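# everything below, folded, please.
(chains A and B)
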Number of protein chains: 2
Amino acid sequence: MIKIGVDAMGGDFAPKEQILGAMMAIKKIDDIEINLYGDQDIISKYLTDSTRINVIDAKYVIPMGEKNPIQAIKTHKDSSMAMALSSLRNDENDAVVSSGATQALIAGAHILVRRMKGFKRTAIAPILPRVNGGSTILLDAGANLSIKPEYMLQQAYFAKIYAQKMFKIDNPKVGLINIGTEDGKGREFDQEVFHLFKETDLFEFFGNVEPKEVLDPPCDILISDGFTANIVMKSVEGAVKGMSKMLKKHLTSNIFGKLGALLARKSLKNLKTDLSAEEIGGAVIFGLYKPVIKAQGASKSYGFYNGIRQAANVVREGVFKTVEDYLETQKDLGDE
Amino acid sequence: MIKIGVDAMGGDFAPKEQILGAMMAIKKIDDIEINLYGDQDIISKYLTDSTRINVIDAKYVIPMGEKNPIQAIKTHKDSSMAMALSSLRNDENDAVVSSGATQALIAGAHILVRRMKGFKRTAIAPILPRVNGGSTILLDAGANLSIKPEYMLQQAYFAKIYAQKMFKIDNPKVGLINIGTEDGKGREFDQEVFHLFKETDLFEFFGNVEPKEVLDPPCDILISDGFTANIVMKSVEGAVKGMSKMLKKHLTSNIFGKLGALLARKSLKNLKTDLSAEEIGGAVIFGLYKPVIKAQGASKSYGFYNGIRQAANVVREGVFKTVEDYLETQKDLGDE
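Predicted structure coming up:
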């Protein structure tokens, strides 16, 4: 059995949607059991079926709007999030899923779960949709705002293993996010990364990729430092949100638009599904001792279920284990 | 009369669309005359009305796909682009519009037009659409990949004057592009800029703005270094392009989608117009001796006309002159 720790209390619609998502996951996935962390009294109101679900009482909740999330996770070891994360270090769970406050989760993951042995810098890796279906791994979406180019080799290698195991891509291509495609483009940092990547045997390097290809890139993995990739992720989010609002505004501005939208509602719904983080799953933190999945704060039950499914897949496919085994063979790189 | 220099030969559809755009501008704007730079023989085929249009023969064209655009502009002083740019330094024109190769244009502007006296670092400023209409100025979209925080004060001030004069916004707000909204977010660089901006009287500083608000920001100007703002611009472009393709794919996948799209065609056209660079105009290079407008490479006549209109407005409103006058009063900042 794969054991998934679930922070039942984090998220805009917690704990209801988290608990519904957990029960859905149990129904659909045979080889998992779930440890739910949160207020037992509140959880019992929503948990109508406790098959393979165990509740661990955690009285404190780190609020979504917490002003000082890093301080909060340090102080509140009794929070649902901290208790779920600590369970990984104690090997009580194989993976954790939370849609709680992002900064608190990242900080908590570093403090309570810690890094995989020999992995230099963790990376947050959200999954982007592609125009013709499929997924692109984006990293680092915010764990390390600045990083040594050589540490990115490990991160890109981790992404390669993830793409191979999770998306069944034999030879995933890694693209370096840059402002131009030619060799020599970008900051000194980008040029250094480019040359390191060009020489490596760890993965196939495609070269520089401009974010104007972000939803249809010529590669499977898009990588940059934690500041830049976060800016890309948020710019895409902003453009999609903005364009959706514009589309809605124009469709509702006249009767033909309204009728057209009504007729095309299945198409519009499919577009929404294509772009939905609920469908795609959560962001994984690469390089931790064990997997932590950050589901969207606004996750409903289906989105949260998908986060749990993703966590179970990561464990089942041995993504983290494969990287760990590789690092074992690279002992000279394994100490800091 | 405002004199606009037009690079007739640069652009995916040059010279035809550029010449049509120039004639359109002459018809619609009374107080301009145009100097067209390009091959006289080719131009004469398309120039059906030479009212207030003067042709200056330039035999060389810098190709759109030029592998080494910076070298090309340095070598080919006889190119339409180089001749148009040089005309600014000689005061033969008040502004230049080109849809030629971007890198060549930026390099050429620096070599042949040079900076406004006392302006430390130029910035490329494209205009982004807003969800509810209006425009946001984004800078620096690529002139300086890294920059001293204090030089960004001048750039943001320039953007403020541009917003005041061109968009008639009394007190434009400046937002710093960042990965979070709180004070202290981002790289060391961003934190330095934040504190400088917080103290300044040159413009109203809104604070940090995340790019997930990029099409609906709580400010009129979005600023970062030339690498980051370029990444934002290209990510937005990529997301809009990708989402448009997805929308098209879903609308054409079934008969109801097709019928709906037919009914809603005006709404969909309005969405396209909202997002179109043709409508919004070109990117201005802030801080040059005189204005250079980079129109989209794929500009058709209407888009190119809009670039000329924008150039005429910048001159008529005295945008560059106002900043120049301010710099005159700041002589202590005026030398490098």
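# just the buried residues of stretch A:273-291, please?
A:274-275, A:277-278, A:280-291 (16 or more other CB atoms under 10 Å in any protein chain shown). In short, each C-beta sits where N, CA and C put it, glycine included.
# so A:M24, which state does it fall into?
helix (DSSP: H, G, I helix; E, B strand; the rest coil).
# thought A:Y305 was touching it, still the case?
Yes - counting by CB atoms under 8 Å, A:M24 does reach A:Y305; the two are 4.3 Å apart.
# those two - which one has more neighbours?
Ranked by neighbour count (other CB atoms under 10 Å in any protein chain shown), A:M24 and A:Y305 place A:Y305 first, with 27 against 17.
# just checking, A:I42 touches A:Q18?
No - assessed by CB under 8 Å, A:I42 is found out of contact with A:Q18, at 11.0 Å.
# who touches both of these two?
By CB atoms under 8 Å, 6 or more residues apart in numbering or on different chains, A:I42 and A:Q18 have these common neighbours: A:M9.
# give me the neighbour count for the closest residue to A:L128 other than its chain neighbours.
Leaving out its chain neighbours, the residue that sits closest to A:L128 by CB to CB, 6 or more residues apart in numbering or on different chains is A:T136, at 4.4 Å. A:T136: 23 surrounding residues under other CB under 10 Å.
# output the below-cut-off pLDDT ranges for the stretch 201-336 of chain A.
Where the stretch 201-336 of chain A drops to pLDDT under 70, the residues are A:277-279, A:331-336.
# show me where it has its helices.
Here the stretch 201-336 of chain A has its helices, by DSSP state H, counting those that start in this stretch, at A:226-251, A:255-263, A:265-275, A:277-280, A:301-316, A:319-329.
# is there proximity between the first one and chain B?
Yes - using CB under 8 Å from any CB of the partner chain, helix A:226-251 comes into contact with chain B via A:227-228, A:230-232, A:234-243, A:245-247, A:249-251.
# quick one, what contacts A:I231?
Counted by CB under 8 Å, 6+ apart, A:I231 has contacts B:I177, B:I179, B:P211, B:T228, B:I231, B:V232, B:S235.
# could you do A:A84 as well?
For A:A84, the contact set (CB under 8 Å, 6+ apart) comprises A:G5, A:V6, A:D7, A:N35, A:Y37, A:A58, A:N93, A:V96, A:S98.
# surely it is within a helix?
Yes - if the criterion is three-state DSSP, then A:A84 is within a helix.
# how much space separates it from A:L36?
As judged by CB to CB, to the nearest Å, A:A84 and A:L36 stand 9 Å apart.
# what do you get for A:P129?
Taking CB to CB, one finds A:P129 at 30 Å from A:L36.
# which one of those two has more residues nearby?
Shown here are A:P129 and A:L36; by other CB under 10 Å, A:L36 has more neighbours (28 against 23).
# who's that one bridged to?
Assessed by DSSP bridges, A:L36 has beta-bridge partners A:V6, A:V55.
# one more: A:V209?
A:I177.
# got a list of what it touches?
Contacts for A:V209 were tallied using CB under 8 Å, 6+ apart; they are A:G175, A:L176, A:I177, A:N178, A:T181, A:P217, A:P218, A:C219, A:L222.
# from the buried residues of stretch A:273-291, which single one is nearest B:Q71?
B:Q71 lies nearest to A:F286 out of those, by CB to CB, at 40.6 Å.
# am I right that that closest one is in contact with A:A159?
Yes - between A:F286 and A:A159 there is a contact at 6.9 Å, judged by CB under 8 Å.
# joint contacts of those two?
In terms of CB under 8 Å, 6+ apart, A:F286 and A:A159 are both contacted by the residues A:A123, A:A125, A:L139.
# the first one reaches A:I137, doesn't it?
No - counting by CB under 8 Å, no contact exists between A:A123 and A:I137, whose distance comes to 9.8 Å.
# mutual contacts of the two, please.
A:A159.
# what about A:K28, distance to A:A312?
Per CB to CB, A:K28 is found 10 Å from A:A312.
# neighbour-wise, which of the two wins?
A:A312 (25 against 12).
# next, the contact list for the more buried one, please.
A:I2, A:I4, A:A25, A:I29, A:D31, A:I32, A:A95.
# now, which of those residues sits nearest chain B?
Set against chain B, the nearest of those by CB to the nearest CB is A:A95 (26.0 Å).
# list the contacts of the closest one.
Residues near A:A95 by CB under 8 Å, 6+ apart: A:2-5, A:88, A:290-293, A:311-312, A:314-315.
# now, which of these sits nearest B:T48?
Nearest to B:T48 among the contacts of A:A95, counting by CB to CB, is A:I293 at 63.7 Å.
# for the closest one, give me its contacts.
Contacts of A:I293 by CB under 8 Å, 6+ apart are A:95-98, A:281-285, A:307, A:310-311, A:314.
# what residues does the stretch 101-250 of chain A have near chain B?
Neighbours of chain B within the stretch 101-250 of chain A, by CB under 8 Å from any CB: A:103, A:129, A:131-132, A:142, A:145-146, A:177, A:179-180, A:182, A:186-187, A:210-216, A:227-228, A:230-232, A:234-243, A:245-247, A:249-250.
# quick revisit: and the residue nearest to A:L128, that's in a helix?
No - A:T136 sits outside any helix when classified using three-state DSSP, being strand.
# if I look at it, how far off is A:P126?
Distance from A:T136 to A:P126, counting by CB to CB: 10 Å.
# check A:K266 too.
As defined by CB to CB, A:K266 lies at a distance of 27 Å from A:P126.
# what pLDDT, on average, does stretch A:178-185 get?
Mean pLDDT, stretch A:178-185: 91.
# who's in contact with it?
So stretch A:178-185 is in contact with A:186, A:190-191, A:194, A:207-210, A:224, B:67, B:103, B:142, B:145, B:227, B:230-231, B:234, going by CB under 8 Å, 6+ apart.
# buried subset of those residues?
In the contacts of stretch A:178-185, the ones that pass as buried (16+ other CB under 10 Å) are A:186, A:190-191, A:194, A:207-210, A:224, B:103, B:142, B:145, B:227, B:230-231, B:234.
# so which residue is dead centre in chain A?
In chain A, the residue lying closest to the centroid (CA atoms, centre = their mean) is A:A283, at 0.5 Å.
# quick check: nearest residue in space to that residue, chain neighbours excluded?
Once flanking residues are discounted, A:A283 sits nearest to A:P126: 3.9 Å by CB to CB, 6+ apart.
# neighbours around the one you found, how many?
Residues near A:P126, counting by other CB under 10 Å, number 25.
# check contacts around it.
Contact partners of A:P126, counting by CB under 8 Å, 6+ apart, are A:L138, A:A141, A:M233, A:A277, A:G282, A:A283.
# for it, give me the pLDDT.
93.
# that one and chain B, how far apart?
Distance, A:P126 to chain B, using CB to the nearest CB, to the nearest Å: 13 Å.
# nearest residue to A:N306 in space, please, no chain neighbours.
In this structure, A:N306 finds its nearest non-sequential neighbour in A:G281, 4.9 Å apart by CB to CB, 6+ apart.
# residues contacting the one you found?
A:G281 makes contacts with A:I127, A:I293, A:A295, A:N306, A:G307, A:R309, A:Q310, as judged by CB under 8 Å, 6+ apart.
# cutoff 7 Å now
A:I127, A:N306, A:G307, A:Q310 (CB atoms under 7 Å, 6 or more residues apart in numbering or on different chains).
# which one of those is nearest to B:M166?
The shortest approach to B:M166 among the contacts of A:G281 belongs to A:I127, at 40.0 Å (CB to CB).
# is it true that the closest one touches A:S135?
Yes - taking contacts as CB atoms under 7 Å, A:I127 lies within contact range of A:S135: 4.8 Å.
# list residues touching both of those two?
Residues touching both A:I127 and A:S135 (CB under 7 Å, 6+ apart): A:I280.
# so for the two, which sits in the more crowded spot?
Between A:I127 and A:S135, A:I127 has the larger neighbour count (other CB under 10 Å), namely 21 against 17.
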